[in-house]
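Trainee: Here is a sequence together with a model predicted from it:
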Amino acid sequence: MSQRNLTLLTDLYELTMMQGYFKEKDANETVIFDAFYRSNPSGNGYAISAGLEQVIEYIKDLSFSEDDVDYLRTTGLFEEDFLEYLRKFKFSGDIYAIPEGTVIFPREPIIKVIAPIMEAQLVETALLTIINHQSLIATKTARVVYAAAGDGVMEFGLRRAQGPDAGIYGARAAMIAGCVGTSNVLAGKMFGVPIKGTHAHSWIMSFPDELTAFRHYAKLYPTSCILLVDTYDTLKSGVPNAIKVFQEMREKGIALTNYGIRLDSGDLAYLSKKAKRMLDEAGFTDAVISASNDLDETLINSLKIQGATINSWGVGTNLITSKDCPSFGGVYKLAAVLDKKTGQFTPKIKLSENAEKITNPGNKEIKRIYNRETGKIIADLICLTGETLKESDSLLLFDPIETWKKTYLAPNTYTIRDLLVQVFKGGECVYDSPAVMDIREYCKKELSTLWEESRRLVNPHQVHVDLSKALWEMKNQLLDSYHYNNP
Ligand SMILES: Nc1ncnc2c1ncn2[C@@H]1O[C@H](COP(=O)(O)OP(=O)(O)OP(=O)(O)O)[C@@H](O)[C@H]1O
Ligand SMILES: O=P(O)(O)OC[C@H]1O[C@H](OP(=O)(O)OP(=O)(O)O)[C@H](O)[C@@H]1O
Ligand SMILES: O=C(O)c1cccnc1
């Protein structure tokens, strides 16, 4: 929550390494770190970036209080000259990031930090925890919203979230990725997003009978009157009582706009169809039929196939916890170190037995290539900073691992967009985060740039993330030189 200072929200090793950089080498050495992730959560075909605004707030607020310094002293690990440095600490670097709500793919830098090594190292943990969490929940939400196929999805997860922060920022991410509202009132206030809700079983149970409970609710909230019908018997009592109350409202001349029922147990396909027939027969053809109860994208999809007549979905636990895939797996890796003599970045690489895990070295940019006619994404191309591509030239894309797999793009058949934007310059923030509801609009447009094949829930097509020829050659040279130097 914004009032807290998160400077100590870091792993101890970041601070012990910082002291090491401070004492053992040039602490002002400029380096580049990339934050990226390796595979899409929940078997999805893409992810949605989220959390940048909170990263920006965190970076702006970075400073060690006297109290923080005193605490660090008690660990016995840090020397006075380093603690003195921390007292004056301020982020002074550059940061580039992919805007929130953007469709993103594995291995491309979501955030690039160019800063003195001590600063760039410190921010790793907080930056990852923020981006990993919000991008995970945004991606899960995009799947749920996709399954709902145009029906509204309400975020109901706060009570089952892994603590207050997960509830608050999870709701933010869920709104970015397309929920129509959240039950989380604090999130509503903090982010200016719609808050929505119905009522609980306790409301019904607190009255002598269901009908009386419905009547009182309808009297108080005639323009937002969704009645929970499963407390006693959905079809024998709940739906008939709800219909009775709607009839009474109609007789009183109350305009029935946002009214209907919520199903929260039982066979939701069967019950919704029966309830729809009963409501239609009573003349309430536009009543909302909402459902909740441990829903997720698979269940929503199945209920649609079963012909359920549900047109509004309340989704809690499975969305806010991303239950089937509880982590995003974003990492933060050193990509280059500035050579003071030449003023050039020396690329750095992390090796691995697994080709997918070998990092991409150097100072990089991401170019998104769209089909000029359809506006759909063809591929992303990770390039070295400064490489220029012209839409009027042809472009040969190739898979960085299976290099014989190639795609030729003829001149003027594609468009190019740079994905990374600058958010900090010399320690100053140069980026205005959009309002969450504006990010939501942008995200909707972003999703429409994906081919349907990449959006489907099961075995989606994975969009290609290729390397430019220059970057691919640099990477291979580094790999070769490593093997040459370490026979
Ligand atoms: N037609 C359906 N097809 C597939 N899953 C369904 C269908 N209807 C309901 N479900 C899901 O089945 C799961 C379990 O429901 P279950 O019947 O065990 O409990 P319940 O309905 O909550 O019962 P109660 O609360 O009365 O104990 C829920 O996740 C619910 O969303
Ligand atoms: O099932 P989820 O996807 O997590 O959605 C949220 C759930 O929270 C509420 O139940 P709860 O039993 O907590 O309270 P209630 O008495 O209002 O039903 C609501 O009725 C939903 O079933
Ligand atoms: O408003 C609701 O219906 C609601 C809110 C939170 C959790 N479950 C339901």
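Mentor: Thanks, I have it. Ligands and ions are numbered 1, 2, ... in the order given.
Trainee: So what pairs up with Tyr332 in the strands?
Mentor: With DSSP bridges applied, Tyr332 shows beta-bridge pairing to Ala35.
Trainee: List the contacts of it.
Mentor: Phe33, Asp34, Ala35, Glu124, Leu127, Leu128 (C-beta atoms under 8 Å, 6 or more residues apart in numbering). Heads up, the C-betas are built off the backbone N, CA and C, glycines and all.
Trainee: do the same with Asp399
Mentor: By C-beta under 8 Å, 6+ apart, Asp399 lies in contact with Lys405, Lys406, His464, Asp466.
Trainee: now do Ile32
Mentor: With C-beta under 8 Å, 6+ apart, Ile32 has these contacts: Lys112, Val113, Ile114, Ala120, Leu334, Ala335, Ala336, Val337, Phe345, Gly362, Asn363.
Trainee: Tell me which of these fall in helices.
Mentor: Ala120 (DSSP state H).
Trainee: got JSON lines for the contacts of Ile32, with distance to Gly20 and neighbour count too?
Mentor: Converted to JSON lines, the contacts of Ile32 look like this (distance: C-beta to C-beta, whole Å; neighbours: other C-beta atoms under 10 Å):
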{"residue": "Lys112", "distance to Gly20": "23", "neighbour count": "24"}
{"residue": "Val113", "distance to Gly20": "19", "neighbour count": "26"}
{"residue": "Ile114", "distance to Gly20": "21", "neighbour count": "22"}
{"residue": "Ala120", "distance to Gly20": "14", "neighbour count": "24"}
{"residue": "Leu334", "distance to Gly20": "14", "neighbour count": "18"}
{"residue": "Ala335", "distance to Gly20": "20", "neighbour count": "25"}
{"residue": "Ala336", "distance to Gly20": "20", "neighbour count": "22"}
{"residue": "Val337", "distance to Gly20": "15", "neighbour count": "16"}
{"residue": "Phe345", "distance to Gly20": "22", "neighbour count": "20"}
{"residue": "Gly362", "distance to Gly20": "25", "neighbour count": "23"}
{"residue": "Asn363", "distance to Gly20": "24", "neighbour count": "18"}
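Trainee: number of nearby residues for the residue in the chain that ligand 3 sits nearest to?
Mentor: Ligand 3 sits closest to Gly197 of the chain, with a gap of 2.9 Å, by C-beta to the nearest ligand atom. Using other C-beta atoms under 10 Å, Gly197 has 17 other residues around it.
Trainee: which residues touch it?
Mentor: With C-beta under 8 Å, 6+ apart, Gly197 has these contacts: Met154, Ser183.
Trainee: Widest-spaced pair of the contacts of Asp399?
Mentor: Based on C-beta to C-beta, the longest span within the contacts of Asp399 runs between Lys406 and His464 and measures 10.7 Å.
Trainee: who's more crowded, these two?
Mentor: His464 (18 against 11).
Trainee: Setting the sequence-adjacent residues aside, check what's closest to the more buried one.
Mentor: Nearest residue to His464 in three dimensions, chain neighbours excluded: Ala379, at 4.1 Å (C-beta to C-beta, 6 or more residues apart in numbering).
Trainee: pLDDT value on the residue of the chain closest to ligand 3, please?
Mentor: The pLDDT attached to Gly197 in the predicted structure is 97.
Trainee: So it, which state does it fall into?
Mentor: Using DSSP: H, G, I helix; E, B strand; the rest coil, the structure places Gly197 in coil.
Trainee: hang on, the earlier thing: adding secondary structure, distance to ligand 1 and pLDDT, write the contacts of Asp399 out as TSV.
Mentor: Formatted as TSV, the contacts of Asp399 follow (DSSP: H, G, I helix; E, B strand; the rest coil; distance: C-beta to the nearest ligand atom, whole Å; pLDDT from 0 to 100):
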residue	secondary structure	distance to ligand 1	pLDDT
Lys405	coil	40	91
Lys406	strand	44	92
His464	strand	36	95
Asp466	strand	41	96
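Trainee: For the closest residue to Ala242 other than its chain neighbours, what is the enclosing helix or strand?
Mentor: Excluding the flanking residues, the one nearest Ala242 by C-beta to C-beta, 6+ apart is Leu227, at 4.5 Å. Using DSSP states H and E, Leu227 sits in strand 225-228.
Trainee: Tell me which residues are up against that strand.
Mentor: 198-201, 203-204, 214, 217-218, 238, 241-242, 245-246, 249, 256, 258-262, 264, 288, 290, 312.
Trainee: Could you do stretch 11-28 as well?
Mentor: If you take C-beta under 8 Å, 6+ apart as the criterion, stretch 11-28 is touched by 29, 72, 77-79, 81-82, 85, 116-118, 121-122, 124-125, 340.
Trainee: Out of those, which end up buried?
Mentor: The neighbour count (16 or more other C-beta atoms under 10 Å) marks Leu72, Phe78, Phe82, Tyr85, Pro116, Ile117, Met118, Gln121, Leu122, Glu124, Thr125 as buried among these.
Trainee: Surely Val423 and Cys429 touch.
Mentor: Yes. If you go by C-beta atoms under 8 Å, Val423 and Cys429 touch, sitting 6.6 Å apart.
Trainee: Common neighbours of these two, please.
Mentor: Jointly contacting Val423 and Cys429 under the rule C-beta under 8 Å, 6+ apart are Ile56.
Trainee: and these two? which has more neighbours close in?
Mentor: Taking other C-beta under 10 Å, Val423 and Cys429 do not tie; Val423 has more neighbours (22 against 16).
Trainee: And the residue nearest to that one when sequence neighbours are not counted, how close does it get to Leu268?
Mentor: Distances taken as C-beta to C-beta, 6+ apart place Tyr431 nearest to Val423, at 3.9 Å, with adjacent residues excluded. For Tyr431, the distance to Leu268 (C-beta to C-beta, to the nearest Å) stands at 44 Å.
Trainee: All good on my end, thank you.
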